[in-house]
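In: I'd like to go over a predicted model; first the sequence, then the structure.
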Amino acid sequence: MDLSMLNDNQKLGVTTTEGPVLILAGAGSGKTRVLTYRTAYLIEEKHVEPYNIMAITFTNKAANEMRERINNIVGHGSNAIWVATFHSTCVRILRRYIDRIGYDTSFTIYDTDDSKKLIKEVLNRLNIDPKRYAERMCLNVISSYKNELINPEKALLDVHNKAGDDTVARIYREYQVMLRDNNALDFDDLIMKTVELFSKCPEVLSNYHERFKYIMVDEYQDTNTAQFELIKHLAKRNKNLCVVGDDDQSIYKFRGANIYNILNFENNYPETTVIKLEENYRSTPNILDVANAVIKNNTMRKKKTLRTSKQEGDIVNFIRCDTSYEEADKIASDIDKMARLSIYSYGQSAILYRTNAQSRLIEERLIAETIPYKIIGGTNFYSRKEIKDIVSYLKVVSNPYDDMAITRIINVPKRGIGATTISRISDYAYANNMTFREAMGICDEIGTLSKAASAKVLKFFDYLEKLSEFSKTSLVSELIEKIIEDTEYVENLKSEGTEEARDRIDNIDELVSKVYLYEENARANEEEISLDAFLSEVSLVADIDNLEDENDVVVLMTMHSAKGLEFPNVYIAGMEENLFPSGRSLGSPDEESEIEEERRLCYVAITRAMERLTLLSCAQRFTRGQVSYNAISRFVKEIPQDLLNGNVWEPKPRESDVSTNVSDFYRVKKEPVSAKKYKVKNFGSKINKAPLDYAVGDRVKHMKFGEGEVTLINDGGRDYEVTVDFDTAGRKKMFASFAKLVKI
DNA sequence: CACAGGTCTCTTTTT
DNA sequence: GAGACCTGTG
């Protein structure tokens, strides 16, 4: 096998196939490359069956890419390799064996929303004041319990030993009971229950030992204790475990990531071969210097120095703006300039920020400049109301114990079954130890219900029974089409006639196409088409998974989402104290380590840039409906001035200037484009070239520029480029799918 | 029982 | 500023 394009340490990483291996891979040092070559090497040179190889990645996107790249090297056979994320790995295992630890294999996966609702219900049942024990807090605590593999009994014991407040532990216990009753697992359960399964059923684990002879884990610095134990179980017999990570890029402590998994790997696996990849192939020296200047302020890290042999490149820019509007404007016009000068196309540019909320302003600006973009994250496609509604119907069919799904749709569409009726059934079910659905079936025996109410409930109950019956002989696509038809969901939206309703219909259409796509893939891979499999897939997609790179659009996302990606031209917005580092980390009990985590995040963000990097910061921004004034982020100040183009020590904005202007400024700027109205969805997933209903010479209307006359239409391949002479705004050139011009 | 309108709280980051 | 939650009315 030809390994000539690898450096010495990379080669070592590829060819050291036996025993535990720790690859410490700095940002941009080609670790994905090592992992793919290593896999190919195992197959081609060591004649390992693809079937015996397992690779765990952080996102589905990374998994797919890896599979594709292996295919390119090996030619074929990569399909049999188990490449998946931790969560989807566990789902696959649990769908097979979870009945051995007391669940049904058609379990439902609860997302954060569902978990929150369930907690609410728990607080209700236990008569606990939600003001004193906020749902969010409870969920966080429960999540950390699970990530540390602490079950409710142990949690209670621990608290009692310390004579502390046992409320949250009791909430945890009840929460687990209710999950169990609903035959549901939350995200953390997926890992925890798999570990439990392996501990309790050695014969199951043994099956997997037979199968997984070589195991690789990517982004190892972000694994938590439960994931560590999972891997430990799996690697126990064969010991061929290769983990890749970078302690400087550990940014998921809030999700339970345990940095000691990587720092102490050698202690846990004494015969470990340690390989360091320190040559960076991504960024220019200027960018690397900036990254190193920041990260060197962290104390808890394995020392390493990234080298590069690249040309020096552009100096990193720092821009201090007066307001967040100016910041958005600066970014948009710079991107526009770069594209016009053909230096960086839209698709080569990315905008990163600390919080999702920051995207709105930038988005509005991009729309105004007709720059195509795609936002990653924020509200997940599957958390939209209409999608959750329809998916809940599917969930009810798949898992009849899922009370949460039933109560969600019992009155969607309106069936005249209100909150009172629901809680009466629910109480009855609870008191008589039955599921909500069972109680529905005998609701004429529930004394508290009126005749009229129980008739409506029974009718819905019968419908669900019919639907379940139908599903036994139907494809998922047939089922979903039937549900949409029966419920008249789309019909009802159509009659609303609003733009919002239109959006929702689009989303439902997209959901339906996802079903067909799933079926197509399943057929291609010769897998059985199953509702459960589709639902698992739906529950575990990350937004980033849908990022395709064929489309020439600017990408906006949080720094967390950006991990593992790279872009020639990067903007990091909001380099301000209180925002980045986050106000949460400031003044917290372990401020020191929280800030170090923020600093690692900053390092991750900076090292996404290949050639050009711009940092931005503003003196004032709107947060929570209020203007806040923040100092320049300490991370910027950690960068030596001579590495930056732009003054870090600029005087503060004149309070007198800004504060009097603020309200005016915001009033003027606020009204422009409503982002929602304009929002162009799916730059990525669809071809946007719809036939135009206007032609040269027609009068058209644009949401922002007003009315004008079309003077030129160019077929740009993927989209039409339309030139319009606006009455007031002058001549503008824009892409048809983004401009949304309406003929008048 | 549904819905409109008012009040309150709150925000990191994600599978 | 948004979303969750509560209250009063039809």
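Out: Happy to help now that I have it.
In: Spit out the contact partners of the residue of the stretch 501-650 of chain A found nearest DNA strand B.
Out: As assessed by C-beta to the nearest atom of the strand, DNA strand B sits closest to A:Ala542 within the stretch 501-650 of chain A, at 2.8 Å. No exception for glycine: its C-beta is placed from N, CA and C like everyone else's. By C-beta atoms under 8 Å, 6 or more residues apart in numbering, the contact set of A:Ala542 is A:Thr59, A:Asn60, A:Lys61.
In: my guess is A:Ala405 is in a strand, correct?
Out: No - read with DSSP: H, G, I helix; E, B strand; the rest coil, A:Ala405 is helix and lies in no strand.
In: what is the mean pLDDT for stretch A:42-51?
Out: Stretch A:42-51 shows a mean pLDDT of 92 in the predicted model.
In: I should have written stretch A:317-329 there, sorry.
Out: 92.
In: now do stretch A:400-407
Out: For stretch A:400-407, mean pLDDT is 89.
In: And it, how far out from the chain middle?
Out: How far stretch A:400-407 lies from its chain's middle: 25 Å, per C-alpha atoms, centre = their mean, to the nearest Å.
In: quick check, it touching DNA strand B?
Out: No - Stretch A:400-407 lies out of reach of DNA strand B by C-beta under 7 Å from any atom of the strand, never closer than 12.2 Å.
In: swap in stretch A:348-362?
Out: Yes - interface with DNA strand B: stretch A:348-362 contributes A:Arg354, A:Thr355, A:Asn356, A:Ala357 (C-beta under 7 Å from any atom of the strand).
In: Just the terminal-to-terminal distance for that stretch.
Out: 17 Å (C-alpha to C-alpha, to the nearest Å).
In: how about it: buried residues?
Out: A:348-354, A:356, A:358-362 (16 or more other C-beta atoms under 10 Å).
In: And the residue of the stretch 201-350 of chain A closest to DNA strand B?
Out: The stretch 201-350 of chain A approaches DNA strand B most closely through A:Phe254 (3.2 Å), counting by C-beta to the nearest atom of the strand.
In: so A:Glu271 sits right up against A:Glu18, yeah?
Out: No - between A:Glu271 and A:Glu18 there is no contact under C-beta atoms under 8 Å: 9.7 Å.
In: Looking at the helix or strand encompassing A:His87 now, give me its mean pLDDT.
Out: Element membership for A:His87, per DSSP states H and E: helix A:86-97. Mean pLDDT, computed over helix A:86-97, is 95.
In: now for that helix, which elements pack on it?
Out: strand A:53-57, helix A:187-200, helix A:225-235, helix A:531-540 (3 or more C-beta pairs under 8 Å, 6 or more residues apart in numbering; DSSP states H and E).
In: Out of the ones you listed, which is the most enclosed?
Out: Mean neighbour count (mean count of other C-beta atoms under 10 Å) peaks for strand A:53-57 among those, with a mean of 24.
In: The helix or strand just after it packs against which elements?
Out: The element immediately downstream of strand A:53-57 (helix or strand, assigned by DSSP H and E) is helix A:60-74. For helix A:60-74, the elements it packs on are helix A:31-44, strand A:53-57, strand A:82-85, judged by 3+ C-beta pairs under 8 Å, 6+ apart.
In: Quickly find the element holding the residue of the stretch 451-600 of chain A found nearest DNA strand C.
Out: Per C-beta to the nearest atom of the strand, the residue of the stretch 451-600 of chain A with the smallest distance to DNA strand C is A:Glu500, at 11.3 Å. Per DSSP H and E, A:Glu500 falls inside helix A:499-524.
In: the inter-axis angle of that helix versus helix A:531-540?
Out: 130 degrees (axes from the mean of the first three to the mean of the last three C-alpha atoms, to 10 degrees).
In: quick one: helix A:499-524 to chain centroid distance?
Out: Centroid separation for helix A:499-524 versus its chain: 19 Å, with C-alpha atoms, centre = their mean.
In: same question, stretch A:699-718
Out: Centroid displacement of stretch A:699-718 relative to its chain, using C-alpha atoms, centre = their mean, is 35 Å.
In: Neighbours of the residue of the stretch 451-600 of chain A closest to DNA strand C, how many?
Out: Using other C-beta atoms under 10 Å, A:Glu500 is surrounded by 12 other residues.
In: distance of the residue in the stretch 301-450 of chain A positioned nearest to DNA strand C from A:Arg360?
Out: Closest to DNA strand C within the stretch 301-450 of chain A is A:Thr379: 7.4 Å, counting by C-beta to the nearest atom of the strand. Per C-beta to C-beta, to the nearest Å, A:Thr379 is found 12 Å from A:Arg360.
In: Surely A:Gln358 is in a helix?
Out: Yes - counting by three-state DSSP, A:Gln358 is part of a helix.
In: Run a quick neighbour tally on A:Lys236.
Out: Count around A:Lys236 with other C-beta under 10 Å applied: 12.
In: Determine which residue lies closest to the centroid of chain A.
Out: A:Ala542 (3.8 Å; C-alpha atoms, centre = their mean).
In: burial of the closest residue to DNA strand C within the stretch 551-700 of chain A, as a residue count?
Out: Using C-beta to the nearest atom of the strand, the single residue of the stretch 551-700 of chain A nearest to DNA strand C is A:Gly625, 2.4 Å away. Other residues lying near A:Gly625 total 5 when counted by other C-beta under 10 Å.
In: next structured bit after the worst-scoring helix or strand of chain A on mean pLDDT?
Out: Scoring the helices and strands of chain A by mean pLDDT, DSSP states H and E places helix A:675-678 at the bottom, with a mean of 32. Per DSSP H and E, the first helix or strand lying C-terminal to helix A:675-678 is strand A:699-702.
In: is the biggest strand by length in chain A up against DNA strand C anywhere?
Out: When chain A is parsed with DSSP state E, its longest strand is strand A:609-623. Yes - Strand A:609-623 is in contact with DNA strand C by C-beta under 7 Å from any atom of the strand, via A:Phe622.
In: Show me what the mean pLDDT comes to for that strand.
Out: Here the average pLDDT along strand A:609-623 is 92.
In: What strands line up against that strand, and which way round?
Out: strand A:316-323 (parallel), strand A:567-572 (parallel), strand A:626-629 (antiparallel) (DSSP bridges).
In: any idea which helix or strand comes after the last one?
Out: Which is strand A:626-629. Beyond strand A:626-629 in the direction of the C-terminus, DSSP H and E gives the next helix or strand as helix A:634-637.
In: pretty sure A:Val724 belongs to a strand, no?
Out: Yes - counting by three-state DSSP, A:Val724 falls inside a strand.
In: and it, bridged to which residues?
Out: A:Val710, A:Lys732.
In: So which of the helices and strands packed on helix A:60-74 is nearest DNA strand B?
Out: Closest approach to DNA strand B among the helices and strands packed on helix A:60-74 (C-beta to the nearest atom of the strand): strand A:82-85, 4.8 Å.
In: Determine how far the closest one lies from the middle of the whole chain.
Out: 17 Å.
In: How about that strand and DNA strand B, touching?
Out: Yes - for strand A:82-85, a contact with DNA strand B is found by C-beta under 7 Å from any atom of the strand, at A:Thr85.
In: who does that strand touch, helix- and strand-wise?
Out: Applying 3+ C-beta pairs under 8 Å, 6+ apart, one finds that strand A:82-85 contacts strand A:53-57, helix A:60-74.
In: and the residue of the stretch 301-450 of chain A closest to DNA strand C, helix, strand or coil?
Out: Taking three-state DSSP, the label given to A:Thr379 is coil.
In: residue contacts, the residue nearest to A:Ile98 when sequence neighbours are not counted?
Out: Excluding its sequence neighbours, the residue lying closest to A:Ile98 (C-beta to C-beta, 6 or more residues apart in numbering) is A:Thr105, at 5.7 Å. A:Thr105 makes contact with A:Leu94, A:Arg95, A:Arg96, A:Ile98, A:Asp99, A:Asp532 under the criterion C-beta under 8 Å, 6+ apart.
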